[in-house]
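**Q** quick check, what structure comes out for this input:
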Amino acid sequence: MASSLVSPSPTSSFISNKKDLGFSAFPSTSQIAIHKCKKQVSKKIVSVMAPQQSERKPATTGSVKTGMTMTEKILARASEKPQLSPGDNVWVNVDILMTHDVCGPGSFGIFKKEFGENAKVWNREKIVIIPDHYIFTSDERANRNVDILRDFCTEQDIKYFYDIKDLSNFKANLNYKGVCHIALAQEGHCRPGEVLLGTDSHTCTAGAFGQFATGIGNTDAGFVLGTGKLLLKVPPTLRFVMDGEMPHYLLAKDLILQIIGEISVAGATYKSMEFVGTTVESLNMEERMTLCNMVVEAGGKNGVVPADSTTFKYIEDKTSVPYEPVYSDAQASFLSEYRFDISKLEPLVAKPHSPDNRALARECKDVKIDRVYIGSCTGGKTEDFLAAAKVFLASGKKVKVPTFLVPATQQVLFCIINVKMSFSLQLELRKKEGKDKRMCLLTW
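**A** Model prediction:
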């Protein structure tokens, strides 16, 4: 595939310089010349590239099959079409529909209004319902939302309803899950090649498993509940190729902040964002979920990572449902392709008030911190807490500001408690040997 370097802007022209660029200082200093209409202009840019379509000779017999991207292939299969292109509108068969206590009641109301009070859902085993927003509260209206979920799931005999019982002091029943996007993965509802829709903008997290996953509204969800189908427009695909050994001090959050900083919060509006490259291949599933989780912060329709051995190993003991992964064709057409040398990336932050207000962490070293929160669907996974613990331990000091640690699910909580217990034992042994006197431990 022939290619040249190009600006992240969709209107930018090709760049003659094909030299790979690092980007540790790009947020503030780097400039290169761009040729457009024989005039030179200067723009800040990272090393990126866009594909040129290779010439294809006319077929002598039959029609020519055009290459498809991962997203196009998944939607083609789900719509029972042999071929799809960006902009096509197709009725898609849904594999999994997820809703929670915020949007569930509204979706159920629309379902009953349109299909009848006594109507049954299209498939009780393909609906996942997880209360995770209005919990641990004494607000009666919030509690009513969860009650509506319970009533609907009982009425419809929903197989996958992960109910919660508030045991006070922020404790819940042991079989309660937690934040829906992480629980979906942990409970085996994310599978390569499938279509997963959810009434939450960060449903795109599941794209880490090589599937099409996106957020929908209550009206769409009500229709899916009754039919198992939804009309979707096929999005064009932006491809992000990340290569190079990832420094130990970086996380996937740095990668996606770099990307959003380049293309802006509107740069992927109704587009698929496909992540590939040696760096992506080295990420564990939790880190891939972080990458896909934030595509919506760039306006993306969905994010997707090709399934590989890491994916298969993660889900092998979580689901017995057969699945079939798909991959982009070599001749697939991408709207733009961006290339990054991750070995040269530095830790990043998103300053107020927008995710694309990117800055190097070292540029913010004099910014006073008043409060710290580690959690949510983006930053509340086991990997995130281990990374935070390493920073705390390396400092040799106790935290000086209010710090809130909120594991995304109970499974994450159990994991970090076990890690803490194991590490505590190692620490005691090291202290007895006099090898480490400046360690401190986190408490959950």
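
**Q** shouldn't Met70 be in contact with Ala307?
**A** No: taking CB atoms under 8 Å as the definition, Met70 is not a contact partner of Ala307, at 9.3 Å. To be clear about C-beta, it is placed using only N, CA and C from the backbone, and glycine gets the same treatment.

**Q** how about stretch 151-166, which residues are buried there?
**A** Phe152, Cys153, Gln156, Ile158, Tyr160, Phe161, Tyr162, Asp163, Ile164, Asp166 (16 or more other CB atoms under 10 Å).

**Q** for the strand or helix carrying the second one, packing partners?
**A** In the assignment (DSSP states H and E), Cys153 maps to helix 140-156. Packing partners of helix 140-156 (3 or more CB pairs under 8 Å, 6 or more residues apart in numbering; DSSP states H and E): helix 104-115, strand 127-130, strand 160-161.

**Q** what about the closest residue to Asn123 other than its chain neighbours, how many residues nearby?
**A** Counting by CB to CB, 6 or more residues apart in numbering, Gly228 is the residue found nearest to Asn123 once chain neighbours are left out, at 5.9 Å. Residues near Gly228, counting by other CB atoms under 10 Å, number 17.

**Q** part of a strand, is Glu297?
**A** No: per DSSP: H, G, I helix; E, B strand; the rest coil, Glu297 lies outside any strand segment and is helix.

**Q** and it, what does it touch?
**A** Ile256, Ile260, Val265, Pro355, Asp356 (CB atoms under 8 Å, 6 or more residues apart in numbering).

**Q** return the distance of it relative to Ile263.
**A** Using CB to CB, to the nearest Å, one gets 11 Å for the distance from Glu297 to Ile263.

**Q** overlap in contacts, these two.
**A** Asp356.

**Q** so what's Gln410 up against?
**A** Neighbour list for Gln410: Ala172, Leu174, Tyr176, Lys177, Gly178 [criterion: CB under 8 Å, 6+ apart].

**Q** where does the stretch 51-200 of the chain have low pLDDT?
**A** 51-64 (pLDDT under 70).

**Q** cutoff 50 now
**A** Scanning the stretch 51-200 of the chain for pLDDT under 50 picks out the ranges 51-54, 58-61.

**Q** what number of residues lie near Gln258?
**A** 24.

**Q** tell me which element it falls in.
**A** Judged by DSSP H and E, Gln258 forms part of helix 252-263.

**Q** equivalent analysis for Asp329, please.
**A** Counting by DSSP H and E, Asp329 is found in no helix or strand.

**Q** please name the nearest non-neighbouring residue to it.
**A** Excluding its sequence neighbours, the residue lying closest to Asp329 (CB to CB, 6+ apart) is Gly67, at 3.4 Å.

**Q** just give me the neighbour total for the one you found.
**A** Neighbourhood size, Gly67 [other CB under 10 Å]: 15.

**Q** next one: Met242
**A** Counted with other CB under 10 Å, Met242 comes out at 25.

**Q** for it, give the beta-bridge partners.
**A** Applying DSSP bridges to Met242 gives these bridge partners: Phe340.

**Q** circling back: and the buried residues of stretch 151-166 as TSV, adding distance to Val401?
**A** TSV is the format used below for these (distance: CB to CB, whole Å):
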residue	distance to Val401
Phe152	42
Cys153	41
Gln156	46
Ile158	43
Tyr160	39
Phe161	39
Tyr162	34
Asp163	36
Ile164	30
Asp166	29
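
**Q** let me know the closest of those to Tyr134.
**A** Ile164 (9.9 Å; CB to CB).

**Q** nearest to Val90 among the contacts of Gln410?
**A** For those, the nearest to Val90 is Lys177 (32.2 Å; CB to CB).

**Q** about what we covered before: which neighbours do Met70 and Ala307 share?
**A** Counting by CB under 8 Å, 6+ apart, the shared contacts of Met70 and Ala307 are Gly210.

**Q** show the backbone phi and psi for Arg239.
**A** phi -110, psi 130 (degrees, to the nearest 10).

**Q** the more surrounded of Met70 and Ala307?
**A** Met70 (29 against 23).

**Q** for that one, grab phi and psi.
**A** Taking degrees, to the nearest 10, you get phi -60, psi -50 for the backbone angles of Met70.

**Q** how about the one 5 residues further on?
**A** In this entry, Leu75 is assigned phi and psi values of phi -70, psi -30 (degrees, to the nearest 10).

**Q** show me what contacts it?
**A** Per CB under 8 Å, 6+ apart, neighbours of Leu75: Leu84, Val90, Val92, Val195, Phe212, Leu232, Val234.

**Q** bridging residues for the fifth one?
**A** Residues found in beta-bridge contact with Phe212 (criterion: DSSP bridges) are Val195.

**Q** that one: neighbouring residues, count only.
**A** Phe212: 31 surrounding residues under other CB under 10 Å.

**Q** I figured it hits Gly300, correct?
**A** No: if you go by CB under 8 Å, Phe212 and Gly300 don't touch, sitting 11.9 Å apart.

**Q** show me where the stretch 201-350 of the chain has strands.
**A** 212-215, 229-233, 237-243, 272-276, 302-304, 336-341, 348-350 (DSSP state E, counting those that start in this stretch).

**Q** would you mind finding the most buried of these?
**A** Each of the strands of the stretch 201-350 of the chain was scored by mean neighbour count; the highest is strand 302-304, a mean of 31, by mean count of other CB atoms under 10 Å.

**Q** sheet partners, orientation included, of it?
**A** Here, using DSSP bridges, strand 302-304 pairs with strand 272-276 (parallel).

**Q** ok, Gly104 - contacts?
**A** Ile129, Asn145, Ile148, Leu149, Phe152, Thr199.
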